[in-house]
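S.K.: sequence and computational prediction follow.
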Amino acid sequence: MSAPEPHLGGHISTEPRINDRIRVPEVRLVGPNGEQVGIVRIEDAIRLAQEADLDLVEVAPGNRPPVCKLMDYGKWKYENAQKARESRRNQTNTVIKEMKLRPKIDAHDYDTKKGHVVRFLRGGDKVKITIMFRGREQSKPELGFNLLKKLAEDVAEDGIVESAPKQDGRNMLMVLAPTRRKSDARVEQQAEKSRRSAERSASEEAEQRELAELRALHAAKAEPKRRRGPSDNLDPDIDV
């Protein structure tokens, strides 16, 4: 019976090889400021790194010979981690909202639903508009097409037609995309929120000052007058 084959699986490191882990006879060396040093023996490259108090980092292992750079590897890893964290923070997931309308929607309901569509678009979300046909309405698809066309024109400042109107069974669909990125919309919303908060704080401070002034005025009016005594009515030249 043959011996079992050794397990070949395991974690594959994505970290670049550095210093003594670079096991090739020679490398194409790049200096810390991007200057091209040329092809040097690995021993010389490691020695140069040690003399400069830097690391020798393999940045292009697929090249022949591989490209290595002199750098502060710890600082480089930290900066890359910061960039990745910032990128994830700014990354936004695309959300598709949905709004359903009837072909013969009245003006009031249309204005209400158009307002919702505008709000979604300004928030950086896509909006799928669905026109629902019932009964004989299915024989008049132009009603839905004209309604979708009107809606697209009414919200043109905040959204564009990403998917043109098309029939899908008993429904007609259209997708609107926002004219600005969601991250930009969030920044603007945060700025608007901060502006309103500042205005509210200023208004409250003004009300507090006005209230304090009114209280001071009432206190001054309510202060009792000094009562006149008998001696106040006597002639100062008369001895009492």
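M.R.: Okay, I see it.
S.K.: return stretch 41-50 as PDB; C-alpha atoms alone will do.
M.R.: C-alpha atoms of stretch 41-50 as PDB (Å, rounded to 0.1, in the frame of the first residue of the first chain):
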ATOM      1  CA  ARG A  41      23.600  40.600  -6.700                       C
ATOM      2  CA  ILE A  42      21.200  39.900  -4.000                       C
ATOM      3  CA  GLU A  43      24.000  40.100  -1.400                       C
ATOM      4  CA  ASP A  44      24.900  43.600  -2.500                       C
ATOM      5  CA  ALA A  45      21.200  44.700  -2.500                       C
ATOM      6  CA  ILE A  46      20.700  43.500   1.100                       C
ATOM      7  CA  ARG A  47      23.900  45.200   2.100                       C
ATOM      8  CA  LEU A  48      22.800  48.500   0.600                       C
ATOM      9  CA  ALA A  49      19.400  48.200   2.400                       C
ATOM     10  CA  GLN A  50      21.200  47.600   5.800                       C
END
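S.K.: buried stuff in it?
M.R.: 42, 45, 46, 48, 49 (16 or more other C-beta atoms under 10 Å). Where you see a C-beta, it was placed from the backbone N, CA and C, and this is true even at glycine.
S.K.: enumerate every residue touching the closest residue to residue 176 other than its chain neighbours.
M.R.: In this structure, residue 176 finds its nearest non-sequential neighbour in residue 159, 4.1 Å apart by C-beta to C-beta, 6 or more residues apart in numbering. Residues in contact with residue 159 (C-beta atoms under 8 Å, 6 or more residues apart in numbering) are 117, 118, 121, 127, 152, 176, 177, 178, 179.
S.K.: the last one: what's it in contact with?
M.R.: Contacts for residue 179 (C-beta under 8 Å, 6+ apart) come out as 121, 157, 158, 159, 160.
S.K.: show me what contacts the second one?
M.R.: Just to be clear, that refers to residue 157. Counted by C-beta under 8 Å, 6+ apart, residue 157 has contacts residue 179.
S.K.: now the helices for the chain?
M.R.: Assigned by DSSP state H, the chain shows helices spanning 42-51, 73-90, 107-122, 141-154, 182-222.
S.K.: picking that back up, could you dump the contacts of residue 179 to a markdown table with distance to residue 20 and pLDDT?
M.R.: Listed next are the contacts of residue 179 as a markdown table, based on distance: C-beta to C-beta, whole Å; pLDDT from 0 to 100:
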| residue | distance to residue 20 | pLDDT |
| --- | --- | --- |
| 121 | 57 | 93 |
| 157 | 62 | 93 |
| 158 | 59 | 93 |
| 159 | 58 | 93 |
| 160 | 57 | 94 |
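S.K.: where among the helices of the chain is average confidence lowest?
M.R.: The minimum mean pLDDT among the helices of the chain belongs to helix 182-222 (a mean of 75).
S.K.: wait, which of the contacts of residue 159 is closest to residue 219?
M.R.: residue 118 (51.9 Å; C-beta to C-beta).
S.K.: now do the contacts for that closest one.
M.R.: Residue 118 touches 155, 158, 159, counting by C-beta under 8 Å, 6+ apart.
S.K.: same thing with residue 178?
M.R.: Residue 178 neighbours (C-beta under 8 Å, 6+ apart): 121, 122, 123, 124, 125, 126, 158, 159, 185.
S.K.: given the longest strand out of those in the chain, what are its sheet partners and their directions?
M.R.: Of all segments of type strand in the chain, defined using DSSP state E, the longest is strand 159-168. Using DSSP bridges, the strands paired with strand 159-168 in its sheet are strand 171-178 (antiparallel).
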